[in-house]
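[1] below are the sequence and a predicted model; questions follow.
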Amino acid sequence: MFRRLHQGIHDCVNYWKLFNKLLDDKIDINIVSILCYWYTKQELCIRWLTIMSSFFTIGNGTRQGGILSPYLFSRYIRELLSELETSCIGCNIGGVYINVLATWHTRMT
């Protein structure tokens, strides 16, 4: 279930919000421009055994398994995780609220 949810989150990234967050972090505009080009011009095809589909454009999402994916995804959800951390929502164990379980690369900043 978690793996499926995690994959779904990667598939729902809004590129323009992500690029604005990177610019807010003072990432060089040239780097953001390159990422913008890469992510808005993505095309793929599906291969099933020896049969390949036609190429089609991808609407949104981050490439899972890519070298930048952990950083881009963690940057995209940083504010959400921070808000949840201070919200006092979740399971209270010894005065500590447990509300989001994330792998180490999700919290990279």
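    Arrived safely.

[2] what about the helices in this protein?
    Remark: helices of the chain, listed N- to C-terminal, are 2-11, 15-24, 29-40, 69-85; assignment by DSSP state H.

[3] for the second one, buried residues please.
    Going back to what we said before, that points to helix 15-24. Within helix 15-24, the residues that qualify as buried by neighbour count (16 or more other CB atoms under 10 Å) are 15, 18-19, 21-22. Quick note: C-beta positions are derived from backbone N, CA and C, even for glycine.

[4] closest to R78 among those?
    Nearest to R78, judged by CB to CB, of those is K21 at 7.7 Å.

[5] among the helices of the chain, which is nearest G95?
    Among the helices of the chain, helix 69-85 comes nearest to G95, with 13.9 Å by CB to CB.

[6] may I have that closest one exported as CSV, CA atoms only?
    Extracted in CSV, the C-alpha atoms of helix 69-85 (Å, rounded to 0.1, in the frame of the first residue of the first chain):
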residue,chain,number,x,y,z
SER,A,69,14.4,12.4,-8.1
PRO,A,70,15.0,12.2,-4.3
TYR,A,71,16.1,15.9,-4.1
LEU,A,72,13.3,17.2,-6.3
PHE,A,73,10.6,15.2,-4.5
SER,A,74,11.9,16.1,-1.1
ARG,A,75,12.0,19.8,-2.1
TYR,A,76,8.5,19.5,-3.4
ILE,A,77,7.0,18.2,-0.2
ARG,A,78,9.3,20.0,2.4
GLU,A,79,6.6,22.5,3.5
LEU,A,80,4.0,19.8,3.8
LEU,A,81,6.2,17.7,6.1
SER,A,82,7.1,20.7,8.2
GLU,A,83,3.5,21.7,8.6
LEU,A,84,2.6,18.2,9.6
GLU,A,85,5.5,18.0,12.0
